[in-house]
Structures are given as structure tokens and as C-alpha cells.
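Novice: predicted model and sequence follow; I will ask about them next.
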Amino acid sequence: MNSMNLTHESDRTAGSTVGAVVPVVRLASARHIWRDSASFRRLFSAALEVCIERTIAPRQTALIRMGISLTFGFFLLREWSHRRVLFGDLSPFSMSMEKAWLSQSHAFTLLAWSSSRWWFEGIYLAAILVSALLLLGWHTRTMSVLFMVLVLSIQNRNVFVGDGGDNLVHLMAIYLAFTKSGQAWSLDSQRNRRTGNRPSGNGRPDLAGISLWAILGSAMAVCQISGFAKMGMLNFGFGWGTVLWGFWVLTAVGFVLENRSGKGQFRWLLESSSRAVHNAAVVVIGVQVCFIYAVAGSSKVQGGLWQEGTAVFYPLRLDYFSPWPWLSNYVSGSMIAVVALTYGTILMQTAFPFAIFNRRVKNCLLVLLLLEHLGIGILLGLPFFSLAIISSDAIFLPTNLLVRIEQRILRQVRVRKERLGRDGRPADAGSPETPPRMTGSIVLNE
């Protein structure tokens, strides 16, 4: 009996102790959860601010814009004498074969609308012109969409032409259409700086941009209504017609907002949405580059020649990939160089997707990868492939480096203008010809 009483007494004591401790534990847990929720709210607010209040990587996207447009434009110029055989009316991949492929793949190309030689010549010349204008950054918002359309049109005309870099140009042309790649190092940024971030001075509308918008809209409407756009490529629904008309409408909204003063909620919503879309496209570009390196590295690891350390030797011995035979023979003649390049390529490509989380390691690997692709372009005679990869890798370039390069270039330009002046005499410090003095912010990105 005594033992039972002691047991009941101990249970009551334990119960009272537990009852006293539980509220304390619950109170401590509530405080911990509150602190965590406050930290989460701050983190979420900071992330939201980055997503919608700032445009990330404006210089990096400008480099991608210039690199990809330069790659595609130079490729079209190099193949000028073979253009009709590769993509035109003399191509072995005939128009009937092309339409059969399009009916299955549902790809987009303007060249399927007509088999006329002059239609092809016009599209080809337009692609060269748009590549040059996008490189310069003239009306980048419109040129990026036109560039995407023309890249898809020419590449989808003959999918058997390419060296691997064409796939990357294909993807980057689509991604660039969703970025604000004209905020730095472009004619648009220079015009906005001169006119106070307005399309033209004194509140006048951007007549060139509006005219271009009206012409393109009228052309799309005529092609769609008349049936000239074959295979339903401009039809509404889940297709390219909705995408292109959506770009056209958003461009019109942008013109309206740029020529109106004030900071209304609707204006803030559209500007925030534009920045969010740009930032999302930047993230997609980075993920795409990491995915390319991850797939390339993992496939190399499984290859027998790569495991043996001799994979680099064989392409250097092929005449087709030897624009500089003496240089290829010199590199392939050293077994140490061949083994180092083979295993180094595997290591760099497999490690890079994980190295982006460490700034120093990422920058070191990025330099090595850029040198590797530069060597591929020289040794194997694949300049457009290398230039496309290097342009895409620019998304990971450190901003501080680009800022220092930009400041140095602007400083040199300012010094030369101060020495020469417009009339050949040194310009005064306060003259209108002297560029504005930079105080921490970058002029081209204002």
C-alpha cells in the first residue's frame, strides 16, 4: 500500500512538473517560431525587392546580347556564298521535306511561308541587318523579338546545318527576348541618358520606335488575315501567334507609359512585372549554362576515350578540324598536354555547376573555361561555337570587373574629348562637350 501511495504521489508530482514545464516549452517554441517567422519575412521581403525592384545583371545580359548577335551575324556573312544551298531554294532539304518536318515538330519559320527565292533573300538580309542593330542596341526591345523570329526562321529551315553552337544561339535568342538587355552598353542607354530616361527629348514620343511598331503590327495582321502565314503559325491559341501579338501589345503599353508622367499603381505594376520577367530570364540563362556543362561533363565521364585520357588527341589529328596543322600537331604531339587537357576538361565541366556557390572558385573555373573555348575556336576551327559558348558564359562574369572596365573606358573617352574638343581645341572643364563626371554610379546604366 505504501509503495502504491508513493507511486501515485510520484505520478502526481511528475504530472505537476510536466504541467508546469509544458507551458514554458510552448512559450519558448512560440517565441522561436515568431523569431523564425520574422526572419523569414525579412528574407522574403529582401528577395521580393531583388525580384521586382532591381534589374539584375544588366551588363552581363548586354554582353550576351552583343555576343550572340555578333555570332549569328558573322555566321550569315561567312555563309553568304552558300546561303541558297544551306537554307534557300537550292537546299537538299527541300520545301516539301521541310513542311513534313514542321507538321510534326510545330516549329516556327518564316521561310516555310513561300518557296520564292526573293522571299528567302529578304529574310536572310533582314537577319543580317537585325543582328547588327541588336549588336548596337538600337531599339533593343523590338530588335530582340525580331532577332528571335529570324534566328528561328533560318535555323528551322534546315536543322541539319550546325556545329553545336547553333543550338545555344537558338536558346539565347529566345531568352534575350524576355530580358532588358539594352539597359547597358547600347544606343538605347545613351539615348535615355541624354533625354533623362525618356525615349526622346522634351517629352516628344519615340517616332522611330512607334513607326517600327506600327509597321510590324500591320505586317503580322496582313499575313494572318490573307493566309500568307502558312501552317497556322500566326494563329491564336497556344502558339507563336499569341506570343508575337503579346510582345506587340506589351510594346505598345511600354510606349504609353514612357510618354506619361507620374507614378501610378498600374505603372508600378507593369514596371515591376517587367523587371521580374527580366530577372527570371537571367536565372534561366544561368541554369541553362550550368545544365550544358553538367550534361557535357557527365557524358564525357562515361566515354572510354575520356577515361583513358586520350579523347583530345583524335580531333586534333583530323584534317577537317585542323585549320592550323602545325599548331594541332604541336599540341597533340605532347602526351602530357593531351592528358592534362582531357582530364582538365572533365574536371572543369563537372565542377562548374557546383562552383557557382563559391565566388572565388567560380571565377577561377570561369577563366579556365573561357580559355578552353578560345582554344577550341582556334585549334579546331570552330569560332562560332566558341563565341556562342563564351557569350553565354558571360552571365557569370563578376559585376565589379565589368564596372571597372566600363569606368576605365569612359575615363579614356572623357580624356580624349577633353584633349580634342569638337573644334580640335581642348574643351573647358564645364563645357557641354565634356561628359558628366562619374561619382560611383555608371553613366551607361543610368
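Specialist: Structure received. Numbers count the residues shown, from 1 in each chain.
Novice: low-confidence ranges, this protein, go.
Specialist: In the predicted model of the chain, residues 1-50, 196-205, 232, 237, 258-264, 421-446 satisfy pLDDT under 70.
Novice: how does it divide into domains?
Specialist: For the chain, automatic domain parsing gives the domain ranges 56-258, 294-397, 400-445.
Novice: for those, which one sits closest to Val284?
Specialist: Smallest distance to Val284 across those (CB to CB): 6.0 Å, for domain 56-258. For every residue, glycine as well, the C-beta is placed using N, CA and C.
Novice: any idea how far the closest one is from the chain center?
Specialist: Distance of domain 56-258 from the chain centroid (CA atoms, centre = their mean, to the nearest Å) equals 15 Å.
Novice: same check on stretch 363-372?
Specialist: Its chain's average C-alpha position is 19 Å from that of stretch 363-372, according to CA atoms, centre = their mean.
Novice: list the buried residues for that stretch?
Specialist: 365-366, 369-370, 372 (16 or more other CB atoms under 10 Å).
Novice: what residues does that stretch touch?
Specialist: 293, 344-345, 348-349, 351-352, 355, 390, 393, 396-398 (CB atoms under 8 Å, 6 or more residues apart in numbering).
Novice: just the C-alphas of it, formatted as CSV.
Specialist: In CSV, the C-alpha atoms belonging to stretch 363-372 read as follows (Å, rounded to 0.1, in the frame of the first residue of the first chain):
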residue,chain,number,x,y,z
ASN,A,363,35.7,32.9,-61.1
CYS,A,364,38.8,30.7,-61.4
LEU,A,365,36.9,28.0,-63.3
LEU,A,366,35.2,30.6,-65.5
VAL,A,367,38.6,31.9,-66.6
LEU,A,368,39.7,28.4,-67.4
LEU,A,369,36.6,27.6,-69.3
LEU,A,370,36.8,30.8,-71.3
LEU,A,371,40.4,29.9,-72.2
GLU,A,372,39.3,26.4,-73.1
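Novice: please begin residue numbering at 57 from this point
Specialist: Happy to do that; since the first residue is 57 now, the last one works out to stretch 419-428.
Novice: surely Met276 and Phe303 touch.
Specialist: No - using CB atoms under 8 Å, Met276 is not in contact with Phe303; the gap is 10.2 Å.
Novice: the two: who's more crowded?
Specialist: Phe303 (20 against 16; other CB atoms under 10 Å).
Novice: who are the contact partners of the more buried one?
Specialist: Taking CB under 8 Å, 6+ apart, we find Phe303 in contact with 201, 233.
Novice: phi, psi for it please.
Specialist: phi -60, psi -40 (degrees, to the nearest 10).
Novice: against Phe234, how distant is it?
Specialist: Counting by CB to CB, to the nearest Å, the gap from Phe303 to Phe234 is 10 Å.
Novice: coming back round to it: name the member of the contacts of stretch 419-428 with the most neighbours.
Specialist: Tallying neighbours with other CB under 10 Å puts Phe408 at the head of the contacts of stretch 419-428, with 24 neighbours.
Novice: what helix or strand is the residue nearest to that residue when sequence neighbours are not counted located in?
Specialist: Nearest non-adjacent residue to Phe408, counting by CB to CB, 6 or more residues apart in numbering: Tyr349, 4.7 Å away. For Tyr349, the element it lies in under DSSP states H and E is helix 321-357.
Novice: give the buried residues for the helix or strand that that helix is followed by.
Specialist: Helices and strands here follow DSSP H and E; after helix 321-357, the next one along the chain is helix 360-364. Neighbour-count burial for helix 360-364, counted by 16+ other CB under 10 Å, picks out Trp362.
Novice: using PDB, list the CA coordinates for helix 360-364.
Specialist: Extracted in PDB, the C-alpha atoms of helix 360-364 (Å, rounded to 0.1, in the frame of the first residue of the first chain):
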ATOM      1  CA  GLY A 360      36.100   5.300 -72.900                       C
ATOM      2  CA  LEU A 361      38.500   7.700 -74.600                       C
ATOM      3  CA  TRP A 362      37.900  10.400 -72.000                       C
ATOM      4  CA  GLN A 363      38.500   7.800 -69.200                       C
ATOM      5  CA  GLU A 364      41.800   6.800 -70.900                       C
END
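Novice: next one: it to chain centre, how far?
Specialist: The mean C-alpha position of helix 360-364 is separated from the chain mean by 33 Å, CA atoms, centre = their mean.
Novice: same deal with stretch 401-411?
Specialist: What separates the centre of stretch 401-411 from the centre of its chain is 21 Å, taken as CA atoms, centre = their mean.
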